[in-house]
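# For reference, the sequence and a predicted model appear below.
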Amino acid sequence: MAEAKGDGPRRIKKLDEAVVNRIAAGEIIQRPANALKEMIENSLDAGAKSISVVVKDGGLKVLQIQDDGCGISLDDFGIVCERFTTSKLEKFEDLQSIATYGFRGEALASISHVAHVFITSRTASSPCAYKAKYSDGVMVPVSKGQPPEPRPSAGNKGTQILVEDLFYNVTTRRKALNSASEEFARVYEVVSRYAIHNAGVAFSLKKHGEITAAVRTVTGASKLDNIRSVFGSKVANELIEIACEDDSLKFKMKGLASNANYSQKKGVFILFINQRLVNSGSIKRAIDHVYTTYLPKGMHSFIYLSLELAPRNIDVNVHPTKMQVHFLNEDTIIDRIQAALSEKLTGGNQSRTYLTQTLLPGASVAQQQQGSSKISSSRETSNSKDDVGVKRKSSGGDGKQKLYDHELVRTDSRAQTMDAFVKRKPSGDAASINNDNIVAPINVNAKESSKDDKQEDSEDDWDPIRQRPKKKKKISDDDPKEITINETIHNDDTMNANTDEPSTDNADNSHRSVMVWPPSNTLLTSVLELRSSIKANEHTGLRHLFRDHIFVGWVDKTKALIQHRTKLYITRTQELLKILGYQLAIRGFSQFSTITLDPPASIKELVSIGLKRNAARWNPNNWAVDEIVQQVSEKLVSNGPMLEEYFAIHINENAEICKLPLLLSDCCPALNGLPEFVLGLTYHVNWEEEKECFETIASQIGEFYKVLEPIDTGENSQSSASEEEKTGDDRYNWMTEHRIYPALRGMFQPPMELSTATCIVQIADLHHLYKVFERC
């Protein structure tokens, strides 16, 4: 109803078209960032692969965008800035399947009503570009005295739109806007978000007159690369991928979300629905609710989400700036998004799970080692960095560094061990291994067979049994010793090995003890080349990790925990022993101590057991068992002298294995693997070439020795009654702690391929754990 005034009501009049257009322009173009958003979407609809933006005074004075899209046809220059002119929509029903950003045809028209607009465009078929100027939705002369029509101009394929003096005719709106710096921040936000989402398009944003771009992305970059470019590595390194899909709701969701280690007072929420940048308060509140469980109060996360919905289920025409949309099944879809995000956050955080080995102390440690000769005291000066990347400053004039709590490293293992907190169930016998086709009861007699020839021990002599230098002023055997083991091979179902616990000499220092075995003297070129290849393939960072590690405890017979500085790692012991066994076989070439099997093990029986256990592996052609047994026996007997001389594997003329090499003191390979060892020596060894022969034999030794069992050499005969009652797990724990990991510390040369394997995985970092404790 019209308002009454005076004697009668006011007359209703139709507004002038210029007034209508200016009012509509004020709703659509609220600030420079809104105008830029509309023009970026037009460029993307045109198929642009490169978009450059230049602004001056936050976009109020100059706002220019240039793309390499399809361009504007010369025939369309006359209506390009008229309202409701578009190439993306013909009838209202097309909104149900709209797949472009724009559809109303109001963006350029609205901009032209509140600013001076210059458009320069060229299509692929056009010989040159054309330039035109627009004001209030119509074309005007570019220069005074010229006709209002496009004129030829130089230009590349694509379109350049120059907007000058935005809101020059709406002084109230211009005064209400924030400062130029704040408007530029909003422009930066729009460009950066479209750059992140459109990974296949190169974006750049610069201030007018400046050389350096505020935002720059390249065409081949991924979304994560663009996030790293815009927000930095601190954000990108803490992101995890999330995704969910529901065919019944006809929606897909992909995105990147920060884990529980990342939190900021001001969060970042980027949402694209059907490729359109929008805001959704309900989705944002739902995501914030998930993070309340993981983040401190008042802290927020980083979220990038891309939702794809069926076009018929979404209404994009509900907001003048198209920043809001409505879609069907909104509550259900939000619940799916919440569940997917919660599942990822509950599953763990990327920075706490060692997915790859690239973060092992490799390059940083190597660089420190290389520079140590020049500045040996650099690690103890102020303003240095430790391995967790925390910058430490000098606490005073004494030059000493101030160590924070999260940088402290436990170095005295006697203060506390993990075993005090673990109560293990007794396992019965010392070692019980269940198999279908083999059993090898082992009775260790705890006796050593000595040889007649003895020499005086010198200061540099080495004890190969104990694998350590002999003490001064002590006369002992200089020849390799033999450990006699009574073993019998049966075809039953269980294997029991009764042993006494080995000696615990220097047990207090075992976490830091080092076992070293000097390489044997050999002149064979092939062996020297194999040793050189092991050295050349050594991973420096992993070498420092094993050399300086502290043994924390064993998890089971295949895994153990070690500490290096402020990081905790879980290791696969058997996989490491496989590599170490190969290296020790090459290292101790022709100079091994031996383990004597009493009585000897028949090769024929071993082959029969091995074939029965895994015929598919060793006999894929279904040959006669007797033929394979005979073939293996002849092969090993004929090469027996070489095996005995170089690898201490003694095979007598009756095709029996009498001795095996002793790689680690107090450790014997599990004889359950002896049948596979015999078959592997036959079929997996290249007996033709010398170098390949030694290499493949050493590989089979490593495979055999990756499963070890503790034995007693007779030095622990004075064990107390309580020690004699210890379980097999206790003995294995002792062997792992006092023999295996000291050997890894002193003799292991980790190969390069170990850096990408899962033999060693970081499971905790003191620096990150302190962040968790601070939230509690």
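Looks like it came in fine.
# List phi and psi for residue 222.
Dihedral pair for residue 222: phi -90, psi 170, per degrees, to the nearest 10.
# Hmm, it is touching residue 199, no?
Yes - with contact defined as CB atoms under 8 Å, residue 222 and residue 199 form a contacting pair (5.6 Å). The way it works is simple: take the backbone N, C-alpha and C, and place the C-beta from them, glycine included.
# Looking at those two, which one has more neighbours?
Counted by other CB atoms under 10 Å, residue 222 and residue 199 do not tie: residue 199 has more neighbours, with 18 against 11.
# Excluding residues flanking it in the chain, which one is nearest the more buried one?
Nearest in space to residue 199, with sequence neighbours left out and distances taken as CB to CB, 6 or more residues apart in numbering, is residue 223 at 4.9 Å.
# so how far is residue 289 from the one you found?
From residue 223 over to residue 289 the distance is 25 Å, taken as CB to CB, to the nearest Å.
# low pLDDT regions in this structure?
Confidence mapping of the chain against pLDDT under 70 gives the ranges 1-8, 14-28, 84-105, 316-324, 348-517, 615-622, 712-728, 770-776.
# quick one, what contacts residue 63?
32, 35-36, 53, 55-56, 115, 162-164, 166, 187 (CB atoms under 8 Å, 6 or more residues apart in numbering).
# Three-state assignment for residue 626, please.
helix (DSSP: H, G, I helix; E, B strand; the rest coil).
# Sort out which of the contacts of residue 63 are in strands and list them.
Taking DSSP state E as the definition of strands, the contacts of residue 63 contribute 53, 55-56, 162-164.
# looking at this, residue 203 is in a helix?
No - Residue 203: not assigned to a helix; according to three-state DSSP it is strand.
# That one bridge partners, please.
residue 51 (DSSP bridges).
# Secondary structure element for residue 741, which one?
Element membership of residue 741, judged by DSSP states H and E, is helix 741-747.
# Can you name every helix or strand that that helix contacts?
In terms of contacts (3 or more CB pairs under 8 Å, 6 or more residues apart in numbering; DSSP states H and E), helix 741-747 is packed against helix 540-547, helix 573-587.
# Quick check on residue 240: phi, psi?
Per degrees, to the nearest 10, the backbone of residue 240 is at phi -120, psi 150.
# cool, residue 761 as well?
Phi and psi for residue 761, reported as degrees, to the nearest 10, are phi -130, psi 130.
# swap in residue 80?
Given degrees, to the nearest 10, the pair of backbone angles that residue 80 has is phi -60, psi -30.
# Would you mind extracting the C-alpha trace of the one helix or strand residue 229 maps to into PDB?
Using DSSP H and E, residue 229 maps to helix 223-231. Once non-C-alpha atoms are left out, helix 223-231 reads as follows in PDB (Å, rounded to 0.1, in the frame of the first residue of the first chain):
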ATOM      1  CA  LYS A 223      45.800 -29.000  -4.500                       C
ATOM      2  CA  LEU A 224      48.200 -29.700  -1.700                       C
ATOM      3  CA  ASP A 225      51.000 -27.900  -3.600                       C
ATOM      4  CA  ASN A 226      48.800 -24.900  -4.000                       C
ATOM      5  CA  ILE A 227      47.900 -24.900  -0.300                       C
ATOM      6  CA  ARG A 228      51.600 -25.100   0.500                       C
ATOM      7  CA  SER A 229      52.200 -22.200  -1.800                       C
ATOM      8  CA  VAL A 230      49.500 -20.000  -0.300                       C
ATOM      9  CA  PHE A 231      49.400 -21.000   3.400                       C
END
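# ok, and what's touching that helix?
192, 195-197, 199, 215-217, 221, 235-236, 239, 256, 268, 302, 304.
# same thing with stretch 643-652?
Stretch 643-652 is contacted by residues 480, 585, 589-590, 592-594, 600, 603, 636-637, 640, 657-662, 681, 694, 697-698, 701 when judged by CB under 8 Å, 6+ apart.
# Please indicate which of these are buried?
Among the contacts of stretch 643-652, those classed as buried by neighbour count (16 or more other CB atoms under 10 Å) are 480, 585, 589, 592-594, 600, 603, 636-637, 640, 657-662, 681, 694, 697-698, 701.
# Among these, which lie within strands?
Among the buried ones among the contacts of stretch 643-652, the members falling in strands (DSSP E) are 593-594, 600, 657-662.
# which of those residues sit farthest apart?
Spanning the widest gap among those are 593 and 600, at 18.0 Å by CB to CB.
# one step back: could I get the CA-only coordinates of the helix or strand just after the helix holding residue 229 as PDB?
The helix or strand immediately downstream of helix 223-231 is helix 233-236, counting by DSSP H and E. Taking only C-alpha atoms (Å, rounded to 0.1, in the frame of the first residue of the first chain), the coordinates of helix 233-236 have been written out as PDB:
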ATOM      1  CA  SER A 233      54.400 -25.800   4.700                       C
ATOM      2  CA  LYS A 234      53.300 -25.600   8.300                       C
ATOM      3  CA  VAL A 235      49.700 -26.100   7.200                       C
ATOM      4  CA  ALA A 236      50.400 -28.400   4.300                       C
END
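# name the helices or strands packed onto helix 233-236?
Using 3+ CB pairs under 8 Å, 6+ apart, helix 233-236 sits against helix 223-231.
# Just the buried residues of the helix it packs on, please?
223-224, 226-231.
# Equivalent analysis for stretch 250-265, please.
Going by 16+ other CB under 10 Å, stretch 250-265 has these buried residues: 250-251, 253-263.
# Equivalent analysis for stretch 542-557, please.
Residues of stretch 542-557 classed as buried by neighbour count (16+ other CB under 10 Å): 542-546, 549-555, 557.
# Compute the number of surrounding residues for residue 667.
Taking other CB under 10 Å as the criterion, the count of residues near residue 667 is 21.
# That one and residue 740, how far apart?
The separation that residue 667 has from residue 740, given CB to CB, amounts to 7 Å.
# overlap in contacts of these two?
If you check residue 667 and residue 740 against CB under 8 Å, 6+ apart, the residues they both contact are residue 708.
# What segments of the stretch 601-750 of the chain are helices?
Read by DSSP state H, counting those that start in this stretch, the stretch 601-750 of the chain holds these helices, from start to end of the chain: 603-613, 615-618, 625-638, 640-647, 674-683, 690-704, 721-724, 728-735, 741-747.
# For residue 203, which of these is the nearest?
Taking CB to CB as the measure, these were each checked against residue 203, and helix 741-747 came out nearest at 50.0 Å.
# Dump that closest one to PDB, restricted to CA.
Below are the C-alpha coordinates for helix 741-747, written out as PDB (Å, rounded to 0.1, in the frame of the first residue of the first chain):
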ATOM      1  CA  TYR A 741      71.000 -54.600  18.800                       C
ATOM      2  CA  PRO A 742      74.600 -54.100  20.000                       C
ATOM      3  CA  ALA A 743      75.500 -55.800  16.700                       C
ATOM      4  CA  LEU A 744      73.200 -53.500  14.700                       C
ATOM      5  CA  ARG A 745      74.800 -50.500  16.500                       C
ATOM      6  CA  GLY A 746      78.400 -51.500  15.700                       C
ATOM      7  CA  MET A 747      78.300 -53.400  12.400                       C
END
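# sorry, back to before: including distance to residue 628, could the buried residues of helix 223-231 go into a markdown table?
Below are the buried residues of helix 223-231 laid out as a markdown table (distance: CB to CB, whole Å):
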| residue | distance to residue 628 |
| --- | --- |
| 223 | 57 |
| 224 | 54 |
| 226 | 61 |
| 227 | 60 |
| 228 | 58 |
| 229 | 62 |
| 230 | 65 |
| 231 | 64 |
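# so which of those comes closest to residue 627?
For the buried residues of helix 223-231, the nearest to residue 627 is residue 224 (58.6 Å; CB to CB).
# Excluding covalently adjacent residues, which one is nearest to residue 215?
Leaving out its chain neighbours, the residue that sits closest to residue 215 by CB to CB, 6+ apart is residue 205, at 4.0 Å.
# gap between residue 155 and residue 111?
20 Å.
# what about these two, which has more around it?
Neighbours around residue 155 and residue 111, counted as other CB under 10 Å, are more numerous at residue 111. The numbers are 26 against 18.
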